[in-house]
Structure formats: C-alpha cells, structure tokens
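Asks: have a look at this fold, sequence not included:
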C-alpha cells in the first residue's frame with residue numbers, strides 16, 4: 001500500500017492581512033500548513049504568520065517586504081493582493097487626491113506586487129496570483145467612482161497577466177466579495193444593514209472566512225486550470241456581471 005504524499009508547504013504573501021478579509025485569508029493559509037507572510041501598515045499579523053510592516057504604495061518598502069518573505073520562506077509561490085482603501089464622495093466633489101490615493105493603493109500597488117512576485121514564479125515555473133476586487137468593481141456604486149475604477153482595473157490586470165504568464169503554469173484570478181462582516185459594516189445602522197441584506201439574494205453578509213475559502217481554492221492544485229476568472233463571493237448580489 002502506498003501512502004499519499006503530504007502537500008508541500010508553500011511560500012504565501014498576503015497584503016493587508018492584519019484584519020478583516022486579509023486576516024481571514026492569512027489564517028486559512030496558515031491552517032493549511034503554508035508558510036505565510038503578511039504585510040500591513042501597522043503590523044499585527046495572525047499567529048503563525050511572518051509580520052511585515054509595508055506601505056504598498058512605496059516601491060522600496062514592497063521590495064524590502066518581498067526580500068524578507070523570501071529570506072524566511074523562499075520565493076513567493078502564492079500572492080494575494082488584498083490591501084485596499086476607500087475615499088468615498090460624489091464625483092463632482094472628488095478631489096485629485098481622493099482619486100489618485102485610491103488608484104495608487106488599490107490598482108497601481110497591485111501591479112507592483114504582481115510584477116515583483118512574478119519574477120520568482122517565472123523561475124519556479126509555477127505560481128498563483130489572486131487579486132481581491134469587489135462587487136462594486138462590476139456593478140458600480142454612487143460615491144465610489146475611484147474605488148469602483150480601481151477594483152474593475154484588477155480584472156483587466158488579472159486577465160492580461162493570465163495570458164502573459166500562463167505558459168509557465170502561473171495563474172491570475174480575481175475574487176470579488178460583496179458585503180462582508182467586517183468592522184466597516186458593523187458601524188452601519190440597523191436600517192442600513194437591513195436595506196443591504198434585502199438587496200442580497202441570500203439575505204445576509206458573507207463571513208471573511210467564506211471569502212478566504214474562495215482564495216485558498218484558487219491557490220490550490222484543484223484550481224490549476226482556472227485562470228483569468230472572476231469569482232464572486234457576494235450572495236448573488238452581482239449575478240450576471
């Protein structure tokens with residue numbers, strides 16, 4: 001009788017992994033036995049993960065974070081670009097800074113991360129890149145022109161990377177969460193929460209762990225033939241988009 005080999009622990013980097021969805025993603029990879037590094041601006045990685053302070057809008061800090069992750073865990077085999085911000089306001093009130101700060105953090109930094117991660121993945125001839133987008137990037141939302149544009153841009157980025165790097169067994173995919181139980185949604189009034197849930201076919205928020213499950217699946221051997229995909233975790237809110 002032959003014994004199945006144990007899955008090999010991989011080097012995983014999760015940005016924005018100190019809280020919310022990012023933390024749940026990092027914890028899910030740690031639970032699988034992967035070697036996980038987490039970046040955030042203020043620190044506070046989950047137990048079992050390498051804690052790296054990094055402003056992803058600063059190229060030098062991104063390079064330093066990758067160097068530290070590689071020194072500790074080897075070349076990054078799974079990148080989860082999760083870190084993001086919002087600066088919500090109506091279009092006519094949106095300042096140049098409101099626009100550029102969100103685009104720089106959510107979109108330009110994701111390009112920077114993917115470019116840096118792909119160098120090691122190309123040498124390994126394998127890799128998984130997962131961008132965390134949003135249902136807002138597919139549907140749009142009043143007051144979020146900047147945020148929606150940044151999250152929609154991740155789809156085009158992922159699909160272009162999928163075409164460029166697919167021959168080296170590197171996949172690039174997008175997870176698009178809807179409303180998720182986080183500190184931000186907890187601050188909404190009961191009336192606001194009820195209105196949101198009424199718009200969702202499943203009539204509830206997602207848990208961060210449900211988003212993490214989609215990410216770990218895309219990074220698994222079972223999803224080796226999935227690339228350039230947008231996986232919604234939104235309770236049906238954005239179906240058809």
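Replies: Here it is on my side, so go on. What you are looking at is a predicted structure, and each value in this text was computed from that prediction instead of being measured.
Asks: in the protein, which helix or strand is least confident?
Replies: Taking mean pLDDT, DSSP states H and E as the measure, the helix or strand of the chain with the lowest value is helix 183-186, at a mean of 76.
Asks: from the chain's centre, how far out does that one sit?
Replies: Its chain's C-alpha centre and that of helix 183-186 lie 18 Å apart, by Cα atoms, centre = their mean, to the nearest Å.
Asks: what comes into contact with it?
Replies: Outside helix 183-186, the residues within contact range by Cβ atoms under 8 Å, 6 or more residues apart in numbering are 19, 20, 179, 193, 196, 205. C-betas here are computed from N, CA, C, even on glycine.
Asks: for stretch 190-199, same thing?
Replies: The contact list for stretch 190-199 (Cβ under 8 Å, 6+ apart) reads 179, 185, 188, 203, 204, 205, 237.
Asks: same deal with stretch 83-95?
Replies: 15-16, 22, 39-40, 56, 97-98, 101-102, 105-106, 109, 132, 142-147, 150-151.
Asks: hmm, back to that, buried subset of the contacts of helix 183-186?
Replies: Buried subset of those (neighbour count, 16 or more other Cβ atoms under 10 Å): 20, 179, 196, 205.
Asks: just flag the most distant two among those.
Replies: 20 and 196 (16.8 Å; Cβ to Cβ).
Asks: buried sites along stretch 211-224?
Replies: Neighbour-count burial for stretch 211-224, counted by 16+ other Cβ under 10 Å, picks out 211, 212, 213, 214, 215, 216, 217, 218, 219, 223.
Asks: that stretch: end-to-end distance?
Replies: One end of stretch 211-224 sits 19 Å from the other (Cα to Cα, to the nearest Å).
Asks: helices or strands next to the strand or helix carrying residue 214 in the packing?
Replies: In the assignment (DSSP states H and E), residue 214 maps to helix 208-218. Applying 3 or more Cβ pairs under 8 Å, 6 or more residues apart in numbering; DSSP states H and E, we find helix 208-218 packed against helix 20-31, strand 127-132, strand 170-177, strand 230-233.
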